[in-house]
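Trainee: what follows is a predicted structure for the sequence shown.
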Amino acid sequence: MSSIPINSLRKVIGQYIIIRLKDNVKYKGKLESFDQYMNCHLSDAIEIIEDEEVSRYGNLFVRGNNILLVQLSVDEL
């Protein structure tokens with residue numbers, strides 16, 4: 001398994017990211033930590049469905065096998 005995605009995630013710990021899941025749900029939050037399976041812990045997380053904020057969470061754990069895409073939040077660029 002390539003470690004390139006893991007190395008990229010290490011660089012953005014503490015920054016806001018957007019995680020898109022396979023079912024098209026998005027979560028935006030600050031990346032606190034992750035493991036070798038890309039399970040991610042987000043703080044200040046927001047759930048977004050069809051570009052509308054649905055829920056707010058203090059902390060959120062996203063399983064890596066559900067992740068389709070990880071990107072830096074536009075607010076952070």
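Mentor: Received, thanks.

Trainee: only C-alpha atoms for contact and neighbour calcs from this point on.
Mentor: OK.

Trainee: quick check: which element contains the residue positioned nearest the centre of the chain?
Mentor: In the chain, the centroid-proximal residue (CA atoms, centre = their mean) is Ile19; its distance is 3.6 Å. Following DSSP states H and E, one finds Ile19 within strand 16-21.

Trainee: how about the helices in this structure?
Mentor: Assigned by DSSP state H, the chain shows helices spanning 4-11.

Trainee: shaky segments in it?
Mentor: Counting by pLDDT under 70, the chain shows low-confidence ranges at 1-3, 75-77.

Trainee: one more pass at 80, please.
Mentor: Residues of the chain that meet the criterion pLDDT under 80 lie in 1-5, 74-77.

Trainee: thinking again about what came up before, parallel or antiparallel, list what pairs with the strand holding Ile19.
Mentor: Strand 16-21 pairs in its sheet with strand 26-34 (antiparallel), strand 67-72 (antiparallel), by DSSP bridges.

Trainee: please state the offset of the last one from the chain centre?
Mentor: The chain centre lies 6 Å from the centre of strand 67-72; the measure is CA atoms, centre = their mean, to the nearest Å.

Trainee: what are the buried residues along it?
Mentor: For strand 67-72, the neighbour count (16 or more other CA atoms under 10 Å) marks Ile67, Val70, Leu72 as buried.

Trainee: repeat for the first one
Mentor: Residues of strand 26-34 classed as buried: Lys26, Tyr27, Lys28, Gly29, Lys30, Leu31, Glu32, Ser33, Phe34 (neighbour count, 16+ other CA under 10 Å).
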